[in-house]
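Participant: structure for the following, please:
(chains A and B)
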Amino acid sequence: MHKILGDRKTIVWLMTPGLLLLAFMILVPIAVGFYYSLTDWNGVGDYGFVGFQNYGDAFAHDPVFWKSLLNSVLLGLGLVAVQHPLAIVIAMLAQYGGRWEKLLRVCIFIPSIISTFVTTKLWTSIFDTQFGLLNRVLDQIGLSAWQQDWLGDPGWAIACIIFVCMWQGFGYAFLLYYAGIKGVPKDLYEAAMLDGASGAQLNRRIVLPLLAPVLRVNLVLAVVSAFKQMETVYLMTSGGPGNSTQFLSTYLYSKAFREGLYGYGNAISLLLVAICLLVTLGMNRAMKREVGEY
Amino acid sequence: MQPKLQDNTPGIRLSGVYRSGFALLMTLLVVAELFPLVWLFDFSLLKSGDFFGSNILKWPDPPKWQNYADAFRNAHIPLLFWNSLLVCAVSIAIIIACSVAMGYALTRMTWRWRKPTLALVMAGMIIPIYATLLPNFMVFNEIGLLNSYFALILPYAAFQIPVSMYIVTGFLETVPRALEEAAVIDGMTVPGLLFRIILPILRPAIATVSVLAFLACWNEFIMAVTYIDTDKLRTLPFAVVYFMGQYSSNYGAQFAVLAIISIPSILIYIAFTDQINRGITAGAVKG
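Facilitator: Take a look at the predicted model:
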């Protein structure tokens, strides 16, 4: 057994294609990106090395870079403080759904499997000033004073983006907690109910603590996804109006493909990778202390 | 692997006012989640003139199927559809082959760099896919890979492999090794083990991996519009772009395009609900 399962040649054959693919599609681009991030290349012709100047510029002289980070933090906060608590409560309540439970689960999850470019196109039409649904509804219920150019106003635009992200990802968050609750052993429920626990007590004292490990993973995923966010923003506002809704990934895109600043765009790509790694490691460490291991 | 999601909460049922409150809350939630989609299908059947009326939803009378016909013609749907399908199929094949081979070598076989390699592959899940957008664009441009199916297939496959492998290894860990041990004693070698024993056992995990990979590839937008700018090779996301420019006043057809793109995803989800649920919850629930 051990002889066969330790056979070097077989291991090489099994691992090489996958590792090569990962190396060429993930590691090599990051290395290439790092190389160009040290240059002032503008897409054509010659370029010179500028050292870490692009990184310095991003940190010291670029308010849009900080704005992008701030927007990611805002989105992360929205997900952690609004979307996930709501998802947990709904996941707990869904257990009482009886024969509707399955249908409920399917309905809640459907937006998550539709392409982002379909859902964002939809929401852009809803927020549209001319024939948009939102302004029309406000008009009909007599609140026409509340009508806005939703995606044209910096403050509202970022709020709309956060809302759409929460809407689309809700089914996903819900499903994770729902499955976590389904994993709570049956005898715990029975024991608690024999002891006379009410439904609310049961959920607060038994289900919620047992969800802690699930919660930890999901919060990390949620915050990282806020930093990774690109498609929704790109399709709803492309970072505008006036860079007010830039996220790191849309910002690097517009720097490179619209302004031709490839060196600078690559520096932001690299910062994006670094931030995602740091946030994951940092949150994992912090939450491990907080929640403890199960 | 996760158990099927089923009812394990014995005997708790709501009554009276709680029941009504519950029903109301859940109905609101479902409406909030599904309304935009209902709106989409509704508008995809309206005449362009109906869009500016005062009604929120308008019964399409008669339904304007012409929108779908326009969408098919003006947005080149059959071609884009075929291209998307091809890109998805090849990506999924690569993803399955690599994640099963690597998953097996990383869980069942013994070698010195096993653990660090596993950690490295898993770290691939953290890397944001669009951080590679720009460098890959430059590399693809240099080696002439832009405007080919592989410009999409290779990154799609690479970014889906870590999570797919995670699902495969999670599944393999729950499978007892007795069968494999017996087969080895009977003289079977690793390729035989893989094809005759592991692949059949892994069937549910492979189903999960394929469905998740399909949704990820089918729904990807940014790379699809960045790496390809030849009409012949474009994939479905581009249908939206066609309509944003040239036919931007034909709202009905635009909504029809969106509906056509979402229908496969919805069908796949309804057909493979359990596999999708298992795949999505595989990582997070185990903690």
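Participant: what does the helix or strand of chain A with the lowest mean pLDDT contact?
Facilitator: In chain A, the helix or strand scored least confidently by mean pLDDT, DSSP states H and E is helix A:2-5, which has a mean of 74. Here helix A:2-5 makes contact (C-beta atoms under 8 Å, 6 or more residues apart in numbering or on different chains) with A:T10, B:R108, B:M109, B:T110, B:V184, B:T189, B:V190. Where you see a C-beta, it was placed from the backbone N, CA and C, and this is true even at glycine.
Participant: ChimeraX command for the buried members of those residues?
Facilitator: Buried residues among the contacts of helix A:2-5 (16 or more other C-beta atoms under 10 Å in any protein chain shown), as a ChimeraX selection:
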select /A:10 /B:108,109,184,190
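Participant: dump the C-alpha coordinates for the least confident helix or strand of chain A into PDB.
Facilitator: Taking C-alpha atoms only, helix A:2-5 is exported to PDB below (Å, rounded to 0.1, in the frame of the first residue of the first chain):
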ATOM      1  CA  HIS A   2       2.600   2.500   1.100                       C
ATOM      2  CA  LYS A   3       4.900   1.700  -1.800                       C
ATOM      3  CA  ILE A   4       2.200   2.500  -4.300                       C
ATOM      4  CA  LEU A   5       0.900   5.500  -2.500                       C
END
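Participant: show the subsequent helix or strand relative to that helix.
Facilitator: Counting by DSSP states H and E, the next helix or strand C-terminal to helix A:2-5 is helix A:8-22.
Participant: quick one: that following helix near chain B?
Facilitator: Yes: contact of helix A:8-22 with chain B (C-beta under 8 Å from any C-beta of the partner chain) involves A:R8, A:T10, A:I11, A:W13, A:L14, A:M15, A:P17, A:G18, A:L19, A:L21, A:L22.
Participant: now, of the residues you listed, which are buried?
Facilitator: A:T10, A:I11, A:L14, A:M15, A:G18, A:L19, A:L21, A:L22.
Participant: just list the residues touching the closest residue in space to the first one that isn't next to it in sequence, thanks.
Facilitator: Pointing back at A:T10 there. Of all residues not flanking A:T10 in the chain, B:V190 sits nearest, at 4.6 Å (C-beta to C-beta, 6 or more residues apart in numbering or on different chains). Counting by C-beta under 8 Å, 6+ apart, B:V190 touches A:I4, A:L5, A:D7, A:T10, A:L14, B:M109.
Participant: about what we covered before: mind listing what's buried along the least confident helix or strand of chain A?
Facilitator: Quick answer for helix A:2-5 (16+ other C-beta under 10 Å): A:L5.
Participant: including distance to A:D187 and pLDDT, could the buried ones among the residues of helix A:8-22 next to chain B go into a markdown table?
Facilitator: A markdown table is the format used below for those (distance: C-beta to C-beta, whole Å; pLDDT from 0 to 100):
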| residue | distance to A:D187 | pLDDT |
| --- | --- | --- |
| A:T10 | 45 | 88 |
| A:I11 | 43 | 89 |
| A:L14 | 42 | 92 |
| A:M15 | 43 | 93 |
| A:G18 | 42 | 94 |
| A:L19 | 44 | 95 |
| A:L21 | 46 | 95 |
| A:L22 | 43 | 94 |
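Participant: any regions of the chain where pLDDT drops low?
Facilitator: I went with chain A, as the question did not name one. In the predicted model of chain A, residues A:1-2, A:289-294 satisfy pLDDT under 70.
Participant: please refer instead to chain B.
Facilitator: B:1-15, B:48-58, B:60, B:244-249, B:283-287.
Participant: quick check: the farthest pair among the contacts of B:V190?
Facilitator: Among those, the pair separated by the greatest distance (C-beta to C-beta) is A:I4 and A:L14, at 12.7 Å.
Participant: ok, the contacts of B:V190 vs A:E259, which is closest?
Facilitator: For the contacts of B:V190, the nearest to A:E259 is A:L14 (44.6 Å; C-beta to C-beta).
Participant: so that closest one makes contact with B:R108?
Facilitator: No: A:L14 is not in contact with B:R108 according to C-beta atoms under 8 Å; the separation is 10.0 Å.
Participant: distance of whatever residue of the stretch 151-294 of chain A ends up closest to chain B from A:K288?
Facilitator: Going by C-beta to the nearest C-beta, chain B is nearest to A:P213 of the stretch 151-294 of chain A, at 3.4 Å. Applying C-beta to C-beta, to the nearest Å, the value for A:P213 to A:K288 is 10 Å.
Participant: neighbour-wise, which of the two wins?
Facilitator: For A:P213 versus A:K288, neighbours defined as other C-beta atoms under 10 Å in any protein chain shown are more numerous around A:P213 (18 against 11).
Participant: centre-most residue in the chain?
Facilitator: Using chain A. A:S225 (2.2 Å; C-alpha atoms, centre = their mean).
Participant: try again with chain B
Facilitator: Compute the mean C-alpha point of chain B, and by C-alpha atoms, centre = their mean the closest residue is B:L215, 1.3 Å away.
Participant: and the host helix or strand of it, is it in reach of chain A?
Facilitator: In this structure, B:L215 sits in helix B:203-219 according to DSSP H and E. Yes: for helix B:203-219, a contact with chain A is found by C-beta under 8 Å from any C-beta, at B:L215, B:W218, B:N219.
Participant: and the closest residue to the first one other than its chain neighbours, how many neighbours?
Facilitator: Using C-beta to C-beta, 6+ apart and skipping residues adjacent in sequence, the residue nearest B:L215 is A:I113, 5.8 Å away. The criterion is other C-beta under 10 Å. On that basis, A:I113 has 22 neighbouring residues.
Participant: pretty sure A:I113 contacts B:I276?
Facilitator: Yes: using C-beta under 8 Å, A:I113 is in contact with B:I276, at 7.3 Å.
Participant: B:R234 against B:W82, yeah?
Facilitator: No: the pair B:R234 / B:W82 is not scored as a contact, 10.6 Å apart, by C-beta under 8 Å.
Participant: more neighbours, those two?
Facilitator: B:R234 (21 against 13).
Participant: who's in contact with the more buried one?
Facilitator: So B:R234 contacts B:H76, B:L79, B:L80, B:N83, B:A224, B:I228 (C-beta under 8 Å, 6+ apart).
Participant: same check on A:N71?
Facilitator: Shown in contact with A:N71 (C-beta under 8 Å, 6+ apart): A:I158, A:T245, A:Q246, A:F247.
Participant: what's the answer for A:L210, then?
Facilitator: Per C-beta under 8 Å, 6+ apart, neighbours of A:L210: A:G180, A:V184, A:L188.
Participant: which ones among these map onto helices?
Facilitator: A:G180, A:L188 (DSSP state H).
Participant: what's the neighbour count on B:L267?
Facilitator: 10.
Participant: which helix or strand contains it?
Facilitator: With DSSP H and E as criterion, B:L267 is part of helix B:251-271.
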